[in-house]
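> Test case, fold it:
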Amino acid sequence: MMKVFDESESPLSNPDESTGTAVLERPEVKEQTEKSDEGDADRFAHYVSKERIAQSRLTGRPVVALCGKVWVPKHDPSQYPVCPDCKRIFQEMQNDK
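All right, here's what the predicted structure looks like:
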């Protein structure tokens, strides 16, 4: 047996009895994301091995700093203060030797 809906009743009001397809309409929401180098981790120079920096410059692949930051190096690190997490981890590594 097939139930006939009048225009005022939605097929979604009784989904177990419906044989048709209903479309839920959502308002269109556009997210605006800003690309910025203003993140905290981007304000520091990070510790990465020289070999990995050189390899990244040749291949364009990202590197991973001691603190865990992943990025493709593009800026002169001498223009930024050293990342405190990288510095602490490096000092701990030096003390363990």
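> contacts, neighbours, all on C-alpha from now
Fine.
> so E51 is in which element?
Taking DSSP states H and E as the definition, one finds E51 inside helix 50-59.
> how about the helices of the chain, start to end?
50-59, 84-95 (DSSP state H).
> Can you give me the buried ones in the helix holding E51?
For helix 50-59, a neighbour-count test (16 or more other Cα atoms under 10 Å) marks I53, S56 as buried.
> From the contact counts, what lies against that helix?
strand 63-64 (3 or more Cα pairs under 8 Å, 6 or more residues apart in numbering; DSSP states H and E).
> now the strand it packs on: mean pLDDT?
Mean pLDDT, strand 63-64: 94.
> Who are the packing partners of it?
Helices and strands touching strand 63-64, by 3+ Cα pairs under 8 Å, 6+ apart, are helix 50-59, strand 70-71.
> what lines up beside it in the sheet?
Note on strand 63-64: by DSSP bridges, its sheet partners are strand 70-71 (antiparallel).
> who touches the strand it pairs with?
When contacts are defined by Cα atoms under 8 Å, 6 or more residues apart in numbering, strand 70-71 is touched by residues P62, V63, V64.
> Could you export stretch 85-93 as CSV, CA atoms only?
Only the C-alpha atoms of stretch 85-93 are listed here, as CSV (Å, rounded to 0.1, in the frame of the first residue of the first chain):
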residue,chain,number,x,y,z
ASP,A,85,60.5,24.3,23.0
CYS,A,86,63.2,23.5,20.4
LYS,A,87,65.9,25.2,22.6
ARG,A,88,64.8,23.2,25.7
ILE,A,89,64.7,19.9,23.8
PHE,A,90,68.1,20.6,22.3
GLN,A,91,69.7,21.4,25.7
GLU,A,92,68.2,18.2,27.2
MET,A,93,69.8,16.3,24.3
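> Going by neighbour count, list what's buried in that stretch.
By neighbour count on 16+ other Cα under 10 Å, the buried set for stretch 85-93 is D85, C86, K87.
> How about the first one: what's its closest non-neighbour residue?
Nearest residue to D85, sequence neighbours excluded (Cα to Cα, 6 or more residues apart in numbering): C67, at 5.6 Å.
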